[in-house]
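K.L.:
Got a predicted model here, sequence first, then my questions.
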Amino acid sequence: MEQKIKNGEWNNVMLLNEYGWGGYLIWRLPEVKVFIDGRMPHWQDANGNSAMKDYIKITKPGDIKEKKVILEKRKIDTIISTNAIGQKIGGHGARDNQIVRAIQKINVFFYGEGNANLKDELLKDGWRAEYEDGMAIILRK
C-alpha cells in the first residue's frame with residue numbers, strides 16, 4: 001500500500017473507511033482524515049447532515065446510484081474495506097461457509113439491491129483496485 005501511495009500524497013486523500021477501522025487508521029496514518037471512527041456517530045452539522053448518516057446509506061443494501069452520489073458529494077477518491085467476497089477460510093466445511101457468509105454480510109461497501117455491486121460499478125467508472133488480498137481492498141479513483 002505505501003509503495004503505491006507516495007509520502008505526502010496521503011495528505012490529499014479523501015478516504016471512505018469502514019467504521020471499525022477508523023481508530024486504527026488514525027493511529028497508523030495520522031495525516032489522513034478518516035471518513036468515520038468511533039467518536040463520530042452523533043456528530044452533525046446545523047442542518048442535520050452527518051458522516052454517519054451518509055456512511056449508513058453507503059453500507060446498507062440500497063440504490064447504487066445514491067451511493068455514488070454520496071461518494072461524489074463527499075469527494076471520496078479512496079475506499080478501504082474488507083474484501084471477503086468469495087473468500088474461502090480453512091477447509092470447505094459448513095462452519096467455514098458460515099464464516100464466509102458472515103464476513104460477506106459485513107463487507108459493507110459493495111452491496112446494492114439485487115445483484116448490484118458497488119465495487120463492480122466503481123471499477124466500470126474508472127476506479128481501480130490499488131491493493132487487494134483476501135482481507136482488504138483499497139479502491140482509488
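P.N.:
Looks like it came in fine. Numbering: from 1, shown residues only.
K.L.:
For Lys67, give its distance to Leu122.
P.N.:
9 Å (Cβ to Cβ, to the nearest Å). Backbone N, C-alpha and C define where each C-beta goes, glycine included.
K.L.:
typed the wrong thing, it's Trp27
P.N.:
Where Leu122 is concerned, Trp27 sits at a distance of 27 Å (Cβ to Cβ).
K.L.:
Looking at the two, which one has more neighbours?
P.N.:
Applying other Cβ atoms under 10 Å to Trp27 and Leu122 shows that Leu122 carries more neighbours, namely 23 against 8.
K.L.:
burial of the residue lying closest to the more buried one once chain neighbours are set aside, as a residue count?
P.N.:
Nearest non-adjacent residue to Leu122, counting by Cβ to Cβ, 6 or more residues apart in numbering: Leu139, 5.9 Å away. Neighbourhood size, Leu139 [other Cβ under 10 Å]: 24.
K.L.:
now do Arg39
P.N.:
Neighbours of Arg39 under the rule other Cβ under 10 Å: 10.
K.L.:
In a strand, it, correct?
P.N.:
No: Arg39 is assigned coil when assessed by DSSP: H, G, I helix; E, B strand; the rest coil, not a strand.
K.L.:
Return the alpha-carbon coordinates of whichever strand or helix holds Leu71 using PDB.
P.N.:
Here Leu71 sits within helix 64-73, counting by DSSP states H and E. Extracted in PDB, the C-alpha atoms of helix 64-73 (Å, rounded to 0.1, in the frame of the first residue of the first chain):
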ATOM      1  CA  ILE A  64     -26.000   2.100  -6.100                       C
ATOM      2  CA  LYS A  65     -26.700   5.500  -7.800                       C
ATOM      3  CA  GLU A  66     -27.400   7.000  -4.400                       C
ATOM      4  CA  LYS A  67     -24.200   5.600  -3.000                       C
ATOM      5  CA  LYS A  68     -22.300   7.100  -6.000                       C
ATOM      6  CA  VAL A  69     -23.900  10.500  -5.400                       C
ATOM      7  CA  ILE A  70     -22.700  10.400  -1.700                       C
ATOM      8  CA  LEU A  71     -19.200   9.500  -2.800                       C
ATOM      9  CA  GLU A  72     -19.200  12.400  -5.300                       C
ATOM     10  CA  LYS A  73     -20.700  14.800  -2.800                       C
END
